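Chemist: The amino acid sequence is not available; the structure is as follows:
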């Protein structure tokens, strides 16, 4: 299991992509969090409100999800990265695997 993380400029764009990911069963669950972000962009400090999205999936789906994010993301260079999950409760992992292709 891994968690893929990305951010969006608004909740609507995050949820639209989430629907696509769930419909083709590349993930079993997604979480959304409102965040305040600061980052460097073209030599300037940007301060924006964003929505973080955490995608709960299997390692084998990373490339497909990355491609889908890039194709549908409003940012020129979206943040896309994953964390491996070292431990997960057995019943939750079984549910996750059963829901994903």
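Modeler: Great, that's in hand. Remember, predicted model here, so these are calculated numbers, not experimental data. Residues are numbered from 1 along each chain as shown.
Chemist: so where do the helices sit in this structure?
Modeler: Per DSSP state H, the chain carries helices over the ranges 11-23, 62-72, 90-99.
Chemist: any chance of these in JSON lines, with mean pLDDT and distance to residue 47 too?
Modeler: The way it works is simple: take the backbone N, C-alpha and C, and place the C-beta from them, glycine included. Formatted as JSON lines, the helices of the chain follow (pLDDT from 0 to 100; distance: least, C-beta to C-beta, whole Å):
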{"stretch": "helix 11-23", "mean pLDDT": "96", "distance to residue 47": "19"}
{"stretch": "helix 62-72", "mean pLDDT": "97", "distance to residue 47": "23"}
{"stretch": "helix 90-99", "mean pLDDT": "96", "distance to residue 47": "36"}
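Chemist: Distance check, the spatially closest residue to residue 13 that is not a sequence neighbour against residue 51.
Modeler: Beyond its immediate neighbours in the sequence, the residue positioned closest to residue 13 (C-beta to C-beta, 6 or more residues apart in numbering) is residue 74, lying 5.6 Å away. Here residue 74 is placed at a distance of 11 Å from residue 51 (C-beta to C-beta, to the nearest Å).
Chemist: The two - which one has more neighbours?
Modeler: Neighbours were counted for residue 74 and for residue 51 using other C-beta atoms under 10 Å; residue 51 has more, 19 against 11.
Chemist: Surely that one is in contact with residue 14?
Modeler: Yes. Counting by C-beta atoms under 8 Å, residue 51 sits close enough to residue 14 to count as a contact (4.6 Å).
Chemist: intersection of neighbour lists for these two?
Modeler: A shared contact of residue 51 and residue 14, defined by C-beta atoms under 8 Å, 6 or more residues apart in numbering, is any residue touching both; here these are 8, 32.
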